[in-house]
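> Dropping a prediction and its sequence here:
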Amino acid sequence: MATETLPVPAETTQEKIKEAFEKNWSVIVWNDPVNLMSYVVFVFMKVLGFTKEKAAKHMLEVHHLGKSLVATESRERAELYHQQIQAHGLTVTVEQT
Amino acid sequence: MKAALVEQTLNLTLNPLESRLLQDILKQIIANYQIQPGDLPPQAGAAWYSTRGCESAKMSVEETREWRQTLQQYKSANVQHLTQWRRYLRVPRDGHCQLKLKLEDAPIFLSALNDHRLLRAATQDIAQKEMDVRSLTSFNGLSAAQQTALSEIHFLAWIMEEVLHLLPGNPGGWMEAI
């Protein structure tokens, strides 16, 4: 049986590498009526490493505007934040920008 | 309930009624953490294992299934801690029960109490309107099941607030930061 080497799809590989590392995934936390304001601050400090000031600012955005963009990261990092934030009971989505 | 931080240990002192209530709640959390996401009542499953973020991340069905599984494993891994804490609460001393938590375990404790709040709100249709109830008249207007759930939600919020004030960085004191 004849064998044929297929050409390496260079562009596709490059696109995949770019997609994996490009920081174009937004992590958005949404408001809900149950989570405590101070608990949300705690989660932002613990998971995202925010200072209390920054955590409070984002928590108030969630509270007053209904949502806050808390990070823009690579897909892998964004999915990690997604899992960690949801594990703490907050409503979170990840969207490609 | 009184909370104090002694070196790296959080000491929660509860009266017998508070202790009994917290024991019952921990028992429910322990049971619910061991249930697979698909076997929980739909509202409870949606509260703890919402796939909204998976959908927005364009995760495949298989990725979403694994993601939910990982989340359930994360919760069930905390059952041992919760069981131990529940056991501590059974032993009163001088008319009070004391729960000692290592500071490093405080996030597990907080997440577990918060999960119960979310689950009770979801299963009893407690939304913003019910959360905002402040008068006895409005409270009496709720169903008995909602009254119980709302009482548990506020009881746990009280414990959480006390603990949050004692954690490094004092997240409970966020108002000082703005």
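Here it is on my side, so go on.
> Tell me if I'm right that A:Phe44 and A:Val62 touch.
No: counting by Cβ atoms under 8 Å, A:Phe44 stays clear of A:Val62, with 9.3 Å between them. Where C-beta positions appear, they are placed from N, C-alpha and C, glycine not excepted.
> any common contacting residues for those two?
A:Val29 (Cβ atoms under 8 Å, 6 or more residues apart in numbering or on different chains).
> So which of the two has more stuff around it?
A:Phe44 (29 against 22; other Cβ atoms under 10 Å in any protein chain shown).
> now B:Val133, what's its secondary structure?
coil (DSSP: H, G, I helix; E, B strand; the rest coil).
> what's the distance between it and B:Ala47?
Distance, B:Val133 to B:Ala47, by Cβ to Cβ, to the nearest Å: 20 Å.
> Same drill for these two, tell me which one is more crowded.
B:Ala47 (22 against 18).
> The more buried one: what's it in contact with?
B:Ala47 neighbours (Cβ under 8 Å, 6+ apart): B:118-119, B:121-123.
> now the residue positioned nearest the centre of chain B: how far from A:Ala71?
In chain B, the C-alpha nearest the mean C-alpha coordinate belongs to B:Leu113, at 1.3 Å (Cα atoms, centre = their mean). Note on B:Leu113: its distance to A:Ala71, by Cβ to Cβ, is 26 Å.
> pLDDT-wise, which helix or strand of chain B ranks last?
strand B:92-93 (a mean of 80; mean pLDDT, DSSP states H and E).
> What strands line up against it, and which way round?
strand B:96-102 (antiparallel) (DSSP bridges).
> between the next helix-or-strand element following the strand it pairs with and strand B:96-102, how big is the angle?
If you walk from strand B:96-102 toward the C-terminus, the next helix or strand you reach (DSSP states H and E) is helix B:106-123. Interaxial angle, helix B:106-123 versus strand B:96-102 (axes from the mean of the first three to the mean of the last three Cα atoms, to 10 degrees): 110 degrees.
> got the residue ranges for the strands in chain A?
A:25-30, A:67-73, A:91-96 (DSSP state E).
> Chain B: which of these is closest?
Comparison of the strands of chain A against chain B by Cβ to the nearest Cβ identifies strand A:91-96 as nearest, at 4.0 Å.
> The closest one close to chain B?
Yes: residues of strand A:91-96 are located near chain B by Cβ under 8 Å from any Cβ of the partner chain, namely A:91-96.
> now these: which count as buried?
Neighbour-count burial (16 or more other Cβ atoms under 10 Å in any protein chain shown) applied to the residues of strand A:91-96 next to chain B gives A:91-94.
> Neighbours of residue 71, how many?
As the question left the chain open, I've gone with chain A. Neighbour number of A:Ala71 under other Cβ under 10 Å is 21.
> that answer is for a different chain, and I need it for chain B
By other Cβ under 10 Å, neighbour count at B:Leu71 equals 17.
> can you check B:Phe139 too?
14.
> pretty sure it is touching B:Thr148, no?
No: checked against Cβ under 8 Å, the pair B:Phe139 and B:Thr148 is beyond contact range at 11.3 Å.
> Contacts only, for residue 45.
Assuming you mean chain A. A:51-52, A:55, B:169, B:171.
> You answered for a different chain; I wanted chain B.
B:37-38.
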